[in-house]
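[1] show me the folded form of this:
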Amino acid sequence: MTAATEELSDEDRLAEIIRGFKHDPLGYVQYAFPWGETESELEDEEIREWQVEYLEDLGEKLRAGKLNDYEVIRKAISSGHGPGKSALVAWLIKWAMDTQVDTKGVVTANTETQLKTKTWPELAKWHRMAITKDWFHYTATALFSTDKLHEKTWRIDMVPWSERNTEAFAGLHNKGKRILLIFDEASAIPDTIWEVSEGALTDEKTEIIWAVFGNPTRNSGRFRECWRKFKKRWWRRKIDTRTVKGSKDKQIQEWLEDYGEDSDFFKVRVRGEFPNQSAKQFFSLEDVDGAKGRHLRPEQYNFAAKIIACDPAWEGDDMLVIGMRQGLHYQILRVIPKNDNDIQIANILITLEDEHQADAVFIDAGYGTGIYSAGATLGRDWQLVWFGSAATKAGFANKRAEMANDTKQWLKKGGAIPDDDDLYEEMIGVEQVAKLDGKVQLESKKEYKARQGESCDRLDNLFITFAYPVTHLHGQGNRGGQQQAVSDFDPYASEAA
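    As a prediction, the model looks like this:
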């Protein structure tokens, strides 16, 4: 300790010590809380191994001094239940606030209930035990400086996410200082919130830390993609609760006996692994992975009817998709930005119908009635598909749900989809909605877009190819020859479904 330090007041001396942990979050946690002190809440507690690894890595990245050109430290934890992630969230908040003047940040979670009953109360516990507890006011929605000159600039806010109100996530700017963004139970936070947040984290020469935590309840969405599509950008770990000291061994053993090591339940609750199929997920990851890019020999499908489907664009950033399915084989023929010129689209459909000798053309009636009318004027006998109409089979809330179920069965029987990332994401992302009457219902296209940030145009196009039974002129396409009804495998192509 220097002579200058000895002349400081106790409070100033503490502030100087704490500032010394600016790039040492592990050292801060070890110092700021009463570990091992008699009669404290931490008398018999210690920092867990995976938490040490997390904090050490964060410190190394901070000390590397590379956060100058819009770089963001991104850290993701997928875990089973009870490894201590809520405690780590609280430590990150306290460290970030205590060691950097005018730190700003936002903490959100999958639900407001999670925030209010778990995430934020955990912060209250650690704030109360911290040696710096007098530096900040803790309220039901914020932690902010007791210095009135800094109470608006030195704060962390608890903000429930809303797809209709993203300003709190779009306004994360604090140039030249520090930004902390935390997602708790991140698996269920919509992609739109991730995207808005990412777009906001662009301040130059700023320490920006984005930390996400969660049980891996869904195998689609941005949290899942931290381990897949965006894995190069994220430091990521999966925490198996069985490896964590103090875990509930008896409960884990019961789950193991009841559900099995490889069950989705055990993967999510204990192993920190993403499930094969999320609770609400309509298509299983296994089925979609098997179908993507699957190679079929022509003789496996060329006997079947050729069905062209058109899913017109709904809004400005949606895409008009034209695809064709022949038995087990599906391909995308055109993807066109929203186009209100019905005559132009009708002529494109005519060209494709003739080129492929299609046996039927189905058009989504939502925005496709003009295209249908233009085709009729040009002598084409096409058919409209009303997604919201009644299903022809029992057990489905509407026609769209029925077509989706036919698509699911088609996948299981060997259906092949193109190696198209957008279609893949839409298939693993679409969710089933619970219905009181027990009927199968999917979320609407509008609901999907609100949750995922973009429309499921390609998926709906595939659905349309299962709208109605189709026969074709065997060996001759639809341009002459003797008409023979040819049945596809039921439910491969749903011509008999």
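
[2] quick one, strands of the stretch 51-200 of the chain?
    73-79, 104-109, 136-138, 142-145, 155-158, 178-184 (DSSP state E, counting those that start in this stretch).

[3] which strands border the second one, and is each parallel or antiparallel?
    Within its sheet, and counting by DSSP bridges, strand 104-109 is paired with strand 155-158 (parallel), strand 178-184 (parallel).

[4] so which residues of the stretch 201-350 of the chain form helices?
    Secondary structure of the stretch 201-350 of the chain by DSSP state H, counting those that start in this stretch: the helices cover 222-225, 249-259, 264-266, 285-291, 342-356.

[5] give the contact list for the residue nearest the centre of the chain.
    Closest to where the C-alpha atoms of the chain average out (Cα atoms, centre = their mean) is Gly221, at 1.7 Å. The contact partners of Gly221, taken as Cβ atoms under 8 Å, 6 or more residues apart in numbering, are 187-188, 190-191, 429, 452. Where C-beta positions appear, they are placed from N, C-alpha and C, glycine not excepted.

[6] which ones are touching Asn405?
    Counting by Cβ under 8 Å, 6+ apart, the residues that Asn405 touches are 396, 440.

[7] secondary structure class for it?
    When states are read from DSSP: H, G, I helix; E, B strand; the rest coil, the local structure at Asn405 comes out as helix.

[8] renumber starting at 58 from here on
    Shifting the count to begin at 58 puts that one at Asn462.

[9] and it, what pLDDT?
    Looking at Asn462, its pLDDT stands at 96.

[10] just to revisit the earlier point, possible to save the strands of the stretch 108-257 of the chain as JSON lines with mean neighbour count, distance to Asp260 and mean pLDDT?
    Formatted as JSON lines, the strands of the stretch 108-257 of the chain follow (neighbours: other Cβ atoms under 10 Å; distance: least, Cβ to Cβ, whole Å; pLDDT from 0 to 100):
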{"stretch": "strand 130-136", "mean neighbour count": "22", "distance to Asp260": "13", "mean pLDDT": "96"}
{"stretch": "strand 161-166", "mean neighbour count": "24", "distance to Asp260": "10", "mean pLDDT": "95"}
{"stretch": "strand 193-195", "mean neighbour count": "17", "distance to Asp260": "23", "mean pLDDT": "97"}
{"stretch": "strand 199-202", "mean neighbour count": "19", "distance to Asp260": "20", "mean pLDDT": "97"}
{"stretch": "strand 212-215", "mean neighbour count": "20", "distance to Asp260": "17", "mean pLDDT": "96"}
{"stretch": "strand 235-241", "mean neighbour count": "24", "distance to Asp260": "7", "mean pLDDT": "96"}
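
[11] so which of the ones you listed gets nearest Val392?
    Closest approach to Val392 among these is made by strand 130-136 (30.7 Å; Cβ to Cβ).

[12] so what does the closest one touch, helix or strand wise?
    Under the contact definition 3 or more Cβ pairs under 8 Å, 6 or more residues apart in numbering; DSSP states H and E, strand 130-136 sits against helix 106-121, helix 142-156, strand 264-271, strand 292-296.

[13] to Leu406, which of these lies closest?
    It is, among the helices and strands packed on strand 130-136 and with distance given as Cβ to Cβ, strand 264-271, at 43.9 Å.

[14] helix, strand, or coil at Thr95?
    The three-state label for Thr95, taken from three-state DSSP, comes out as coil.

[15] number of nearby residues for it?
    For Thr95, the tally of surrounding residues (other Cβ atoms under 10 Å) stands at 6.

[16] surely Ile134 and Asp297 touch.
    No. The pair Ile134 / Asp297 is not scored as a contact, 12.0 Å apart, by Cβ atoms under 8 Å.

[17] partners of Ile364 in the sheet?
    Under DSSP bridges, the residues paired with Ile364 across the bridge are Arg382, Ala417.

[18] spatially nearest residue to Cys231 (excluding sequence neighbours)?
    Rather than Cys, residue 231 is Asn. Lys161 (4.4 Å; Cβ to Cβ, 6 or more residues apart in numbering).

[19] give the contact list for the one you found.
    By Cβ under 8 Å, 6+ apart, the contact set of Lys161 is 210-213, 229, 231, 234-237.

[20] which of the residues you listed sits closest to Asn455?
    Out of those, the member with the shortest distance to Asn455 (by Cβ to Cβ) is Leu229, at 40.3 Å.

[21] burial measure for the closest one, as a count.
    What Leu229 shows, counting by other Cβ under 10 Å, is a neighbour count of 22.

[22] need phi/psi at it.
    Main-chain dihedrals, Leu229, degrees, to the nearest 10: phi -80, psi 80.

[23] for the closest residue to it other than its chain neighbours, list the residues it contacts.
    Spatially, and ignoring its direct neighbours in sequence, Leu229 is nearest to Ala257 (4.5 Å; Cβ to Cβ, 6+ apart). Listed by Cβ under 8 Å, 6+ apart, the contact set of Ala257 reads 226-230.

[24] same deal with Glu488?
    Contacts of Glu488 by Cβ under 8 Å, 6+ apart are 335, 337-339, 499-500, 505, 508.

[25] report pLDDT for it.
    At Glu488, the pLDDT value in this model is 90.

[26] equivalent analysis for Tyr316, please.
    At Tyr316 the predicted local confidence, pLDDT, stands at 86.

[27] got the contact list for it?
    Residues in contact with Tyr316, defined by Cβ under 8 Å, 6+ apart, are 322-323.

[28] then Thr160?
    153-154, 211, 213, 231, 234-237.

[29] and stretch 165-184, what's buried?
    In terms of neighbour count (16 or more other Cβ atoms under 10 Å), stretch 165-184 has its buried residues at 165-168, 171-172, 176-177, 179-180, 183-184.

[30] between the residues you listed, which sits nearest Pro475?
    Checking those against Pro475 with Cβ to Cβ, the nearest one is Asn167 at 32.9 Å.

[31] how deep is the residue nearest to Val301 when sequence neighbours are not counted tucked in, by neighbour count?
    Spatial nearest neighbour of Val301, excluding adjacent residues (Cβ to Cβ, 6+ apart): Pro140 at 4.4 Å. Other residues lying near Pro140 total 24 when counted by other Cβ under 10 Å.

[32] and the one 5 residues further on, by the same measure?
    Number of residues near Leu145 (other Cβ under 10 Å) recorded here: 24.

[33] was I right about it contacting Tyr111?
    Yes. Counting by Cβ under 8 Å, Leu145 touches Tyr111, with 6.5 Å between them.

[34] quick check: neighbours shared by the two?
    The overlap between the contact sets of Leu145 and Tyr111 (Cβ under 8 Å, 6+ apart) consists of Ile134.

[35] before we move on, the earlier item: possible to save the contacts of Thr160 as CSV with distance to Tyr424?
    Formatted as CSV, the entries for the contacts of Thr160 read as follows, by distance: Cβ to Cβ, whole Å:
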residue, distance to Tyr424
Ala153, 48
Met154, 50
Trp211, 50
Ile213, 45
Asn231, 43
Lys234, 48
Arg235, 47
Ile236, 41
Leu237, 43
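
[36] what is the nearest of these to Asp478?
    Ile236 (30.2 Å).

[37] against Arg235, how distant is the closest residue in space to that closest one that isn't next to it in sequence?
    The shortest distance from Ile236 to any residue that is not its chain neighbour, by Cβ to Cβ, 6+ apart, is 4.7 Å, and that residue is Ile265. When distance is defined by Cβ to Cβ, to the nearest Å, Ile265 is 8 Å away from Arg235.
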